[in-house]
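A.B. asks: Show me how the following folds:
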Amino acid sequence: MATVIDLDEKLLIGGEWTEAEDGARFDVNDPGTGGRVGSVPNGTEADVKAAIDAAAAALPCWRSTTALERARILRRSADIMRERADEIARTMTSEQGKPLAEAKGEVEYAASFFEWFGGEAERIYGEVVPPMNGANRVLVLRQPVGVVAAITPWNFPAAMMTRKLGPAMAAGCTSVVKPASATPLTAALVLRCIEDAGAPAGVVNLITSRDAGMVANTIFTDARVRKISFTGSTEIGKDLIRASAEQVKRLSLELGGHAPYIIFDDADLEPAVDGLIASKYRNAGQTCVCANRAFVQRGIYDAFLALLKEKVEAMPVGHGLAEGTMIGPLINEAAVEKAHEHVEDAVAKGATLVTGGERLTGEGYDGGSFYKPTILDGVTREMDIFYEETFGPVAGLTVFDTEDEAIDYANDSIYGLASYFHTRDYARLMRVAERLEYGIVGANAGIISAANAPFGGMKQSGYGREGGSVGIDEYLDVKYVLMGGVGVV
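C.D. replies: Numbers count the residues shown, from 1 in each chain. Predicted coordinates for the structure are as follows:
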């Protein structure tokens with residue numbers, strides 16, 4: 001196994017890397033060993049205010065910077081991230097746990113948002129609208145919303161940040177970033193890439209803190225922060241909606257998910273199994289878009305379950321830096337406990353444990369939060385796993401007979417982020433894609449995220465879209481200008 005990193009980082013405020021006002025710091029730990037991998041400042045309210053001050057001061061100059069120059073900085077940021085991919089990926093694996101190959105893939109994915117939105121910066125067009133009165137002229141302008149706060153999660157510490165900073169920077173906004181306290185080191189390395197790409201001081205600012213409530217309160221009570229983009233739980237998202245009301249702040253919310261994965265009996269068996277594994281077990285099941293409920297049609301059910309079991313039992317579990325690891329640790333003890341509670345509840349209510357269902361201990365696992373990849377057969381609506389997001393390597397399977405039954409199962413959720421299905425019938429493909437109540441649909445594919453596509457959910461999975469041509473709209477205000485008298489000769 002490669003050497004675990006030892007990295008001490010700082011806050012970034014107005015172009016200066018600095019300690020917290022009171023000098024306090026906190027350690028960042030490796031979920032695979034429990035050991036320390038670095039530390040960061042424990043930012044205070046004064047630090048958050050200073051970061052907002054810096055972003056507000058940098059805004060007038062940045063918003064007036066040409067689109068071409070903003071695009072060049074974003075593309076250079078992407079290039080630098082790729083040059084430093086090994087360092088960023090090792091850091092990510094050390095503090096988050098995902099296998100190194102997945103971490104390297106995330107660095108590339110994260111860089112692609114800077115590259116994509118570098119292009120979008122050059123395409124922020126206005127409009128000239130035909131007037132109702134021939135003496136007038138009507139213009140529509142699209143202008144940066146202002147200072148943005150980006151609150152990012154621990155499960156994709158690089159990509160979830162660049163998915164917000166890419167469009168914000170492209171639009172001409174300045175930002176304050178608050179990463180999850182479990183994974184702040186990756187965030188610091190990405191912001192160093194932006195800095196080294198030539199972004200002016202104050203365009204991006206970094207606050208690390210264990211007091212997420214204090215950070216959020218400071219952001220929401222400062223009128224200069226006009227936009228908040230948050231990725232995290234639905235419960236926290238609801239709190240942010242309530243907090244936004246006082247100043248009517250704009251929000252983009254990518255919240256919880258509970259993705260259904262439907263396999264019709266005309267599907268190609270092995271690609272369907274591989275698709276479910278890619279979706280369910282990536283990052284040890286700790287993704288908002290991962291499969292949480294698998295519905296398999298009766299005609300293919302037994303063969304599907306047998307092949308799934310064979311492939312899941314062959315996946316090596318270990319530290320993310322160990323060669324060949326496919327399943328790393330969960331982020332912490334609470335995550336292990338939740339996964340196991342879902343398994344115990346399902347078995348107690350009649351599900352069959354096909355494989356897994358236990359915490360891994362002993363050599364190579366002690367000190368870490370490892371859970372064996374698990375399959376449950378016979379999951380029903382009475383079980384917690386049917387309605388609650390597991391966020392762990394546990395796949396629950398349910399048999400179905402008809403297309404209508406599968407759609408009913410799939411849509412029976414308060415969430416509406418991602419969904420998946422496999423079929424070779426293209427008439428069915430269109431029907432099912434239209435009937436699924438989800439913002440993202442993967443048809444014959446288990447991996448669906450891309451910088452060029454709009455990402456976001458329906459129902460209690462949030463609102464707003466990140467990525468794609470519409471992603472930059474979240475960071476722009478639309479202004480209507482009526483020019484009177486200009487048509488008079």
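A.B. asks: isn't residue 301 right next to residue 398, touching?
C.D. replies: No. Residue 301 is beyond contact range of residue 398, at 9.4 Å (criterion: CB atoms under 8 Å). Just so you know, the C-beta spots here come from the backbone N, C-alpha and C atoms, and that holds for glycine as well.
A.B. asks: Between those two, which has more neighbouring residues?
C.D. replies: residue 398 (23 against 18; other CB atoms under 10 Å).
A.B. asks: And the helix or strand encompassing the more buried one, what does it pack against?
C.D. replies: Assessed by DSSP states H and E, residue 398 sits inside strand 394-400. In terms of contacts (3 or more CB pairs under 8 Å, 6 or more residues apart in numbering; DSSP states H and E), strand 394-400 is packed against helix 269-281, strand 291-297, helix 298-313, helix 333-348, strand 374-377, helix 384-387, helix 403-411.
A.B. asks: right, and those - which one's nearest residue 103?
C.D. replies: Between residue 103 and these, the shortest separation by CB to CB is 15.4 Å, and it involves helix 269-281.
A.B. asks: Give me the residues contacting the closest one.
C.D. replies: When contacts are defined by CB atoms under 8 Å, 6 or more residues apart in numbering, helix 269-281 is touched by residues 259, 261, 263, 289-292, 294, 300, 303-304, 307-308, 311-312, 315, 326-327, 373, 393, 395, 420, 422, 442, 444-447.
A.B. asks: CA atoms only: put that helix into PDB for me.
C.D. replies: C-alpha atoms of helix 269-281 as PDB (Å, rounded to 0.1, in the frame of the first residue of the first chain):
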ATOM      1  CA  LEU A 269     -27.900 -10.100 -18.500                       C
ATOM      2  CA  GLU A 270     -24.200  -9.400 -17.900                       C
ATOM      3  CA  PRO A 271     -24.300  -5.700 -18.900                       C
ATOM      4  CA  ALA A 272     -27.300  -5.300 -16.500                       C
ATOM      5  CA  VAL A 273     -25.400  -6.900 -13.600                       C
ATOM      6  CA  ASP A 274     -22.300  -4.900 -14.400                       C
ATOM      7  CA  GLY A 275     -24.400  -1.700 -14.500                       C
ATOM      8  CA  LEU A 276     -26.000  -2.400 -11.100                       C
ATOM      9  CA  ILE A 277     -22.600  -3.100  -9.600                       C
ATOM     10  CA  ALA A 278     -21.100   0.100 -11.100                       C
ATOM     11  CA  SER A 279     -24.000   2.100  -9.700                       C
ATOM     12  CA  LYS A 280     -24.500   0.400  -6.400                       C
ATOM     13  CA  TYR A 281     -21.000  -0.300  -5.200                       C
END
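A.B. asks: How far does that helix sit from its chain's centre?
C.D. replies: 21 Å (CA atoms, centre = their mean, to the nearest Å).
A.B. asks: and the angle for that helix with strand 291-297?
C.D. replies: 160 degrees (axes from the mean of the first three to the mean of the last three CA atoms, to 10 degrees).
A.B. asks: in helix 269-281, what's buried?
C.D. replies: 269, 272, 273, 275, 276, 277, 278, 279, 280, 281 (16 or more other CB atoms under 10 Å).
A.B. asks: Please apply the same query to stretch 394-413.
C.D. replies: In stretch 394-413, counting by 16+ other CB under 10 Å, buried: 394-400, 403, 406-407, 409-410, 413.
A.B. asks: quick one: average pLDDT of the helix ranked longest in the chain?
C.D. replies: Using DSSP state H, we find that the single longest helix of the chain is helix 100-121. Averaged across helix 100-121, pLDDT comes to 98.
A.B. asks: Quick one: closest of the helices and strands packed on strand 394-400 to residue 224.
C.D. replies: Here helix 333-348 is closest among these (CB to CB), at 35.3 Å.
A.B. asks: Can you pull out the residues in contact with the closest one?
C.D. replies: So helix 333-348 is in contact with 285-286, 330, 353, 356-359, 369-371, 374, 376, 379, 383-385, 388, 390-394, 396, going by CB under 8 Å, 6+ apart.
A.B. asks: out of everything not next to it in sequence, what's closest to residue 115?
C.D. replies: Distances taken as CB to CB, 6 or more residues apart in numbering place residue 78 nearest to residue 115, at 4.3 Å, with adjacent residues excluded.
A.B. asks: for that neighbour, what are its contacts?
C.D. replies: Contact analysis of residue 78 by CB under 8 Å, 6+ apart lists 111, 112, 114, 115, 118.
A.B. asks: surely the fourth one meets residue 74?
C.D. replies: Right, residue 115. Yes. Counting by CB under 8 Å, residue 74 is a contact partner of residue 115 at 7.2 Å.
A.B. asks: the more surrounded of those two?
C.D. replies: Each of residue 115 and residue 74 has its neighbours counted (other CB under 10 Å); residue 74 has more, 29 against 20.
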